[in-house]
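**Student:** build me a model from this:
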Amino acid sequence: MVDVGAKDETRRIARAAGHIRMQPETLQLILAGNAKKGDVLGIARIAAIQGSKRTADLIPLCHPLALTRVAAEFNIDQANSSIECVITAETLGRTGVEMEALTAVSVALLTIYDMCKAVDRGMQIDAIRLLEKEGGKSGHWIREDK
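**Tutor:** Coordinates of the predicted model:
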């Protein structure tokens with residue numbers, strides 16, 4: 001792992017997003033709360049938080065972090081039959097939380113897939129990306145092509 005011991009502790013924030021496309025009927029099943037496995041978005045929210053907390057166990061050489069906040073938002077796009085997941089992760093530390101935010105998005109979207117795969121195996125996960133990071137020596141970065 002990279003030595004971050006000499007870095008200052010600062011407030012670190014990262015936002016990441018991705019989306020999952022599905023059949024319109026699958027989206028309606030999710031929105032109506034009628035999926036066989038239960039509340040898809042509620043469970044995906046918990047999965048995102050759990051995934052963010054386990055990032056260092058999944059990504060080699062990633063520092064374990066004490067997260068101070070992880071928030072998951074789900075934006076529904078009925079016209080494109082998709083769900084966007086946006087994660088905000090925060091910590092007070094010596095290294096950023098980009099990997100935690102990206103992992104949380106991935107786990108949330110994979111959870112949606114798992115919970116709905118019996119009715120729609122053709123779902124597609126796309127565009128997992130960092131939207132913004134703040135804190136540390138590199139300052140504030142925002143993706144221009146969100």
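**Student:** contacting residues for Ala108?
**Tutor:** 44-45, 47-48, 51, 72, 85, 87 (C-beta atoms under 8 Å, 6 or more residues apart in numbering). In short, each C-beta sits where N, CA and C put it, glycine included.
**Student:** Thr88 is in contact with Ala101, correct?
**Tutor:** Yes: the criterion here is C-beta atoms under 8 Å, and Ala101 meets it with Thr88 at 7.0 Å.
**Student:** between these two, tell me which one has more neighbours.
**Tutor:** With neighbours defined as other C-beta atoms under 10 Å, Ala101 and Thr88 compare such that Ala101 has more, 29 against 18.
**Student:** re the thing from before, in helices, which of the contacts of Ala108 fall?
**Tutor:** Assignment to helices by DSSP state H places the following of the contacts of Ala108 there: 44-45, 47-48, 51.
**Student:** of these - the most surrounded one?
**Tutor:** Counting by other C-beta under 10 Å, top hit in those: Ala48 with 28 neighbours.
**Student:** for the residue nearest in space to the middle of the chain, phi and psi?
**Tutor:** In the chain, the residue lying closest to the centroid (C-alpha atoms, centre = their mean) is Val105, at 1.8 Å. Main-chain dihedrals, Val105, degrees, to the nearest 10: phi -60, psi -50.
**Student:** report pLDDT for Leu27.
**Tutor:** As predicted, Leu27 sits at a pLDDT of 97.
**Student:** cool, Asn34 as well?
**Tutor:** 85.
**Student:** just the strands in the protein please.
**Tutor:** Ranges of strands within the chain are 10-21, 67-77, 82-93, 124-134, 140-142, based on DSSP state E.
**Student:** redo these as TSV? Include mean pLDDT and distance to Lys36.
**Tutor:** Listed next are those as TSV, based on pLDDT from 0 to 100; distance: least, C-beta to C-beta, whole Å:
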stretch	mean pLDDT	distance to Lys36
strand 10-21	95	18
strand 67-77	97	19
strand 82-93	96	18
strand 124-134	97	20
strand 140-142	93	40
